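*Asks:* with the input below, show me the fold.
(one chain, ligands or ions: 2)
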Amino acid sequence: MMFTSIESLILRVKERESFMVSMKSAVVTGPGPLTVERVELNGPEAGEVLVKITACGVCHSDLHHINRIRRAGVAPEPLILGHEAAGVVQEVGSGVTTVQPGDHVIMAFHPQCGTCYFCRRAQPQICESPDFPERAVTGARPRLLLDGKTPARQGIGVGGFSEYTCMPEGGVIKIRKDAPLDTVCLIGCGVTTGVGAAINGAKVEPGSMVAVIGLGGVGLNCVQGARMAGAHRIIAIDTLTSKLELAAKFGATDFVNASEVDDVVKTVVEMTDGRLDYAFEAIGLGKTIEQAFNMIRRGGTAVVVGVTQDNVTVSGGMFLGERTLTGSLYGSTNVHYMIPRLVDMYMEGQLMLDELVSKRRPLEEINEAFADIEAGAVARSVINF
Ligand SMILES: [Zn+2]
Ligand SMILES: [Zn+2]
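*Replies:* Ligands and ions are numbered 1, 2, ... in the order given. Below is the predicted model:
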């Protein structure tokens, strides 16, 4: 679909004390390719924030979502994916106190409400906020309308493949203004998930030995988190040589090409003399989760990072010897603290982000960006608005 004007319109509807934004969005409407459509966004309502999106990373979780829809062979409600987004606050709804128009922000796909059972017991990463994972059509009017009539949803909480989004305040994190939004947007998902899994989830100690299976955007950040935590050896495992080379830049010290060895577990056990402290699995497959668990030492910890794919089952393994198999969601952290701190660390040269961005594309090339990650050709594509 073509548009005569790229600029979106913001119309104030004074009697409703709300905004209607007409914007370009990449929309999933069924099993086929995404299409760029004109979508109306209504908001913000009380406690919500309207953000003009500057850039949004293309994450594997979006691809899982699309593939699920494709496999099911049915058209869902129109869905706007994209959850690794950064931008500038345009308007805030009543009661919003932590951000104001003009603030630079990163969106947290899993808003942390601060008041539920898990937020109050210091596990905000598993907040029970109903805003996750897909924001429903909320309020008196539909939040999003495709072609002015069909209600649509924000997939994975954000709806970042779009010129604007409207989020609950708990999912909009203010950051410093001198940070480049089209790079620090990656902190919205993959970076926080991977670095946080190592630092907060596993609590990797200086001197420890770590393995990371799967070197996409999240896995590379597990490598990076282990490096920042002071790990002594970091073993990178993938089937693509290009990813192993990239992992070297992020701090990996040892490399296993899983397509070139008969037995990945045996290889790592031999490399570490059976003393591997932590294994991170950043793919989400049963086979690689079993590998992670079986390569750690007695008392070691295997961490499944991020989202497992459909119908994953794990069998075998030995829990004798106090081995732990655990999950880590969103870096096992309070994103309100962690995201601004990671931005600081990038600006001070301690966190690598530029090396993650393999390609920048306009919204119109969203399908090519997904084809790239499906082929394993990039660590991250970023959609620039
Ligand atoms: Zn993601
Ligand atoms: Zn909560």
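*Asks:* go through stretch 262-279 and flag the buried ones.
*Replies:* Buried residues in stretch 262-279, counting neighbours by 16 or more other CB atoms under 10 Å, are found at 264-265, 267-269, 271-272, 276-279. Every C-beta, even on glycine, is put in place using the N, C-alpha and C of the backbone.
*Asks:* for it, output the C-alpha coordinates as PDB.
*Replies:* What follows is stretch 262-279, C-alpha atoms only, in PDB (Å, rounded to 0.1, in the frame of the first residue of the first chain):
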ATOM      1  CA  ASP A 262      29.800 -35.300  16.900                       C
ATOM      2  CA  ASP A 263      28.800 -34.600  20.500                       C
ATOM      3  CA  VAL A 264      28.500 -31.000  21.700                       C
ATOM      4  CA  VAL A 265      28.100 -32.000  25.400                       C
ATOM      5  CA  LYS A 266      31.100 -34.300  25.400                       C
ATOM      6  CA  THR A 267      33.200 -31.600  23.700                       C
ATOM      7  CA  VAL A 268      32.300 -29.000  26.300                       C
ATOM      8  CA  VAL A 269      32.800 -31.400  29.200                       C
ATOM      9  CA  GLU A 270      36.200 -32.300  27.900                       C
ATOM     10  CA  MET A 271      37.100 -28.600  27.300                       C
ATOM     11  CA  THR A 272      36.200 -27.700  30.900                       C
ATOM     12  CA  ASP A 273      37.300 -30.900  32.600                       C
ATOM     13  CA  GLY A 274      33.700 -31.300  33.700                       C
ATOM     14  CA  ARG A 275      33.700 -28.000  35.600                       C
ATOM     15  CA  LEU A 276      31.400 -25.800  33.600                       C
ATOM     16  CA  ASP A 277      29.600 -23.600  36.000                       C
ATOM     17  CA  TYR A 278      26.800 -22.100  33.800                       C
ATOM     18  CA  ALA A 279      25.200 -22.900  30.500                       C
END
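*Asks:* export the buried residues of stretch 262-279 to JSON lines and tack on distance to Gly327, secondary structure and pLDDT?
*Replies:* Below are these laid out as JSON lines (distance: CB to CB, whole Å; DSSP: H, G, I helix; E, B strand; the rest coil; pLDDT from 0 to 100):
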{"residue": "Val264", "distance to Gly327": "21", "secondary structure": "helix", "pLDDT": "98"}
{"residue": "Val265", "distance to Gly327": "20", "secondary structure": "helix", "pLDDT": "97"}
{"residue": "Thr267", "distance to Gly327": "25", "secondary structure": "helix", "pLDDT": "98"}
{"residue": "Val268", "distance to Gly327": "21", "secondary structure": "helix", "pLDDT": "98"}
{"residue": "Val269", "distance to Gly327": "23", "secondary structure": "helix", "pLDDT": "98"}
{"residue": "Met271", "distance to Gly327": "25", "secondary structure": "helix", "pLDDT": "98"}
{"residue": "Thr272", "distance to Gly327": "23", "secondary structure": "helix", "pLDDT": "98"}
{"residue": "Leu276", "distance to Gly327": "19", "secondary structure": "coil", "pLDDT": "98"}
{"residue": "Asp277", "distance to Gly327": "18", "secondary structure": "coil", "pLDDT": "98"}
{"residue": "Tyr278", "distance to Gly327": "14", "secondary structure": "strand", "pLDDT": "98"}
{"residue": "Ala279", "distance to Gly327": "13", "secondary structure": "strand", "pLDDT": "98"}
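*Asks:* my guess is Ala282 meets Gly214, correct?
*Replies:* Yes. Ala282 lies in contact with Gly214 (CB atoms under 8 Å); the separation is 4.1 Å.
*Asks:* contacts only, for Val51.
*Replies:* 85, 87-90, 105, 107, 164-167, 172 (CB atoms under 8 Å, 6 or more residues apart in numbering).
*Asks:* and it, bridged to which residues?
*Replies:* Val89, Thr165 (DSSP bridges).
*Asks:* and Ser25, what helix or strand is that in?
*Replies:* strand 18-27 (DSSP states H and E).
*Asks:* does that strand pack against any helices or strands, and if so which?
*Replies:* When contacts are defined as 3 or more CB pairs under 8 Å, 6 or more residues apart in numbering; DSSP states H and E, strand 18-27 packs onto strand 9-13, strand 35-43, strand 79-80.
*Asks:* ligand 1 contacts on the stretch 151-300 of the chain?
*Replies:* Cys189 (CB under 5 Å from the ion).
*Asks:* who touches the residue nearest to the spatial centre of the chain in this structure?
*Replies:* Against the mean C-alpha coordinate of the chain, by CA atoms, centre = their mean, the closest residue is Cys189 at 2.5 Å. Neighbouring residues of Cys189 by CB under 8 Å, 6+ apart: 57, 59, 61, 83-84, 109, 217.
*Asks:* could you look up the SS state of the nearest residue to Asp182 once chain neighbours are set aside?
*Replies:* Take Asp182 and drop its neighbours on the chain: the residue closest to it by CB to CB, 6 or more residues apart in numbering is Ala55, 3.8 Å away. Applying DSSP: H, G, I helix; E, B strand; the rest coil to Ala55 yields a three-state assignment of strand.
*Asks:* which stretches of the stretch 1-150 of the chain form strands?
*Replies:* Using DSSP state E, counting those that start in this stretch, the strands of the stretch 1-150 of the chain run over 9-13, 18-27, 35-43, 48-58, 79-80, 84-92, 104-107, 144-146, 150-154.
*Asks:* export those to JSON lines and tack on mean pLDDT and distance to Ser242?
*Replies:* Shown next, in JSON lines, are the strands of the stretch 1-150 of the chain (pLDDT from 0 to 100; distance: least, CB to CB, whole Å):
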{"stretch": "strand 9-13", "mean pLDDT": "49", "distance to Ser242": "43"}
{"stretch": "strand 18-27", "mean pLDDT": "88", "distance to Ser242": "27"}
{"stretch": "strand 35-43", "mean pLDDT": "92", "distance to Ser242": "30"}
{"stretch": "strand 48-58", "mean pLDDT": "96", "distance to Ser242": "18"}
{"stretch": "strand 79-80", "mean pLDDT": "90", "distance to Ser242": "31"}
{"stretch": "strand 84-92", "mean pLDDT": "97", "distance to Ser242": "21"}
{"stretch": "strand 104-107", "mean pLDDT": "98", "distance to Ser242": "28"}
{"stretch": "strand 144-146", "mean pLDDT": "88", "distance to Ser242": "38"}
{"stretch": "strand 150-154", "mean pLDDT": "86", "distance to Ser242": "33"}
